[in-house]
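# 3D, please:
(one chain, ligands or ions: 1)
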Amino acid sequence: MSTQNIKFAYWVPNVSGGLVVSNIEQRTSWDIDYNRKLAQIAEKAGFEYALSQIRFTAGYGAEFQHESVAFSHALLAATTKLKVIAAILPGPWNPVLAAKQLATIDLLTEGRVAINVVSGWFRGEFTAIGEHWLDHDERYRRSKEFIEALKGIWTQDNFTYRGDFYRFSNYTLKPKPLQQPHPEIFQGGSSRAARDNAASVSDWYFTNGNTVEGIKAQIDDIREKAAANKHQVKIGVNAFVIARDTEEEAKAVLAEIIAKANPEAVHAFGHEVKNAGAASPEREGNWAKSTFEDLVQYNDGFKTNLIGTPEQIAERIVALKAVGVDLILSGFLHFQEEVAYFGDKVLPLVRALEAKKLAKAA
Ligand SMILES: Cc1cc2nc3c(=O)[nH]c(=O)nc-3n(C[C@H](O)[C@H](O)[C@H](O)COP(=O)(O)O)c2cc1C
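Residues are numbered from 1 along each chain as shown. Reported below is the predicted structural model:
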């Protein structure tokens, strides 16, 4: 098991409607004041990262969406330690714009910005904004070139690149980002194409919620391929956290979220996501096997089962670490309150369990 402490990130609620497609009360807001305060609470609570979302249109809730790079910069300006991961979609962004934008933000924020290169799953969104809809594996081939170009621009002078999607000739970015060799690059999904990119170009692989076994299978596959490529990659897993003083309370909250789910929005989402993992040649990707209940949290966050008492959750986090997880990406119903509760009640238990395991191994 890694000797490093497991890291924690939270989803930035920069789109409206919260993280579950349900009419249950969610004391979470997508506005900037709420989010600035949340970022400050999170860094105090021991969260190292925040992940913003990129969406151009509504769908399964998310009627309003703040743009991720601008929003991430505002959160960085309101904090001192937190790293903020800005989501970017190849297509609307090309690598040189992303490289330039993020290099500037990195210099303005003492080197705390990171990027999540998403590959796209929402055909309706692409059509609405006039983007070509590539098939599943082509979207990942483009993302791979995007990341190779981004790294080249960030680390080399006179960068030249000849891909099928991007071309550069003797380009020198000045100034380069502050972080060396470059800001961290996250990328994810669950499909074989997403895993192959993780095993060759990304610094971090993000995946949807899943069982410990499901996550282990992905990690084993990635580690084997990464070793063959002499590449290092870390793993982040999504989880919707419901931590309450008793297990009954936590389970009752989950039951209420599902009972109050918005079936039309969940079914519409279920229809759209068939363009993602189920459209991959192996049909192994995100949402390929998700049930109605799973889809109520749009990144399968219930499946990771961080739902229960602080003790139960801490044990499960350490079990995820034991199969190779480096970071938990968390979503909450009432973000500000629950991020603070997580920092007070869950995180110290995780650290104590990690210390105990290390002492045992020594
Ligand atoms: C943690 C995480 C965050 C993501 N964030 C976004 C996002 O902000 N916008 C977006 O369009 N897609 C986002 N995605 C979707 C992925 O880029 C990808 O299209 C999707 O997971 C389908 O993956 P698969 O078919 O390879 O399994 C995210 C995925 C994960 C796992």
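
# Just the buried residues of stretch 59-73, please?
Going by neighbour count (16 or more other C-beta atoms under 10 Å), the buried part of stretch 59-73 is 59-62, 65-66, 68-69, 71-73. Using the backbone N, CA and C atoms, a C-beta is placed for each residue, glycine as well.

# same thing with stretch 236-253?
236-244, 250, 253.

# Go back to those and keep what's next to the ligand.
Filtering the buried residues of stretch 236-253 for proximity to the ligand by C-beta under 6 Å from any ligand atom leaves Asn238.

# and which of the buried residues of stretch 236-253 is nearest to the ligand?
Relative to the ligand, the closest of the buried residues of stretch 236-253 is Asn238; by C-beta to the nearest ligand atom it sits at 5.2 Å.

# Mind listing the residues bridging to the closest one?
As for beta bridges, Asn238 partners with Leu329 under DSSP bridges.

# First-to-last residue distance for stretch 296-309?
Its start and end residues considered, stretch 296-309 measures 22 Å (C-alpha to C-alpha, to the nearest Å).

# follow-up on the earlier one: select from the buried residues of stretch 236-253 every entry located in strands.
236-240, 242-243 (DSSP state E).

# Need the residues you listed in a markdown table (columns: distance to Val96 and pLDDT).
Below are these laid out as a markdown table (distance: C-beta to C-beta, whole Å; pLDDT from 0 to 100):
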| residue | distance to Val96 | pLDDT |
| --- | --- | --- |
| Gly236 | 27 | 98 |
| Val237 | 32 | 98 |
| Asn238 | 30 | 98 |
| Ala239 | 35 | 98 |
| Phe240 | 36 | 98 |
| Ile242 | 42 | 98 |
| Ala243 | 43 | 98 |
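
# With distance to Ala45 added, can I get those in a markdown table?
Output for these, formatted as a markdown table (distance: C-beta to C-beta, whole Å):
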| residue | distance to Ala45 |
| --- | --- |
| Gly236 | 18 |
| Val237 | 19 |
| Asn238 | 18 |
| Ala239 | 16 |
| Phe240 | 17 |
| Ile242 | 17 |
| Ala243 | 12 |
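
# Now the biggest helix by length in the chain: buried residues?
Longest helix in the chain, counting residues (DSSP state H): helix 136-155. Neighbour-count burial for helix 136-155 flags 136-137, 139-154 (criterion: 16+ other C-beta under 10 Å).

# do the same with stretch 33-40
Going by neighbour count (16+ other C-beta under 10 Å), the buried part of stretch 33-40 is 35, 38-40.

# Spell out which parts of the stretch 201-350 of the chain neighbour the ligand.
Checking the stretch 201-350 of the chain against the ligand by C-beta under 6 Å from any ligand atom, the hits are 206-208, 238, 276-277, 280, 285-286, 299, 329.

# at 5 Å instead, please
Contact residues, the stretch 201-350 of the chain versus the ligand (C-beta under 5 Å from any ligand atom): 206, 276-277, 285-286.

# tally of neighbours for the closest residue to the ligand within the stretch 1-150 of the chain?
Taking C-beta to the nearest ligand atom as the measure, the stretch 1-150 of the chain has Val118 as its residue closest to the ligand, at 3.3 Å. Neighbour count of Val118, defined by other C-beta atoms under 10 Å: 21.

# again with Asn94
15.

# now Tyr205
26.

# can you check Asp31 too?
Asp31, neighbours per other C-beta under 10 Å, totals 12.

# what about it, distance to Phe335?
12 Å (C-beta to C-beta, to the nearest Å).

# List just the nearest of the buried residues of stretch 236-253 to Lys321.
Nearest to Lys321, judged by C-beta to C-beta, of the buried residues of stretch 236-253 is Val237 at 10.2 Å.

# dump the residue contacts of that closest one.
206-207, 209-210, 215, 304, 320, 325, 327-329 (C-beta atoms under 8 Å, 6 or more residues apart in numbering).

# Next: Arg139.
Arg139 neighbours (C-beta under 8 Å, 6+ apart): 90, 119-120, 193.
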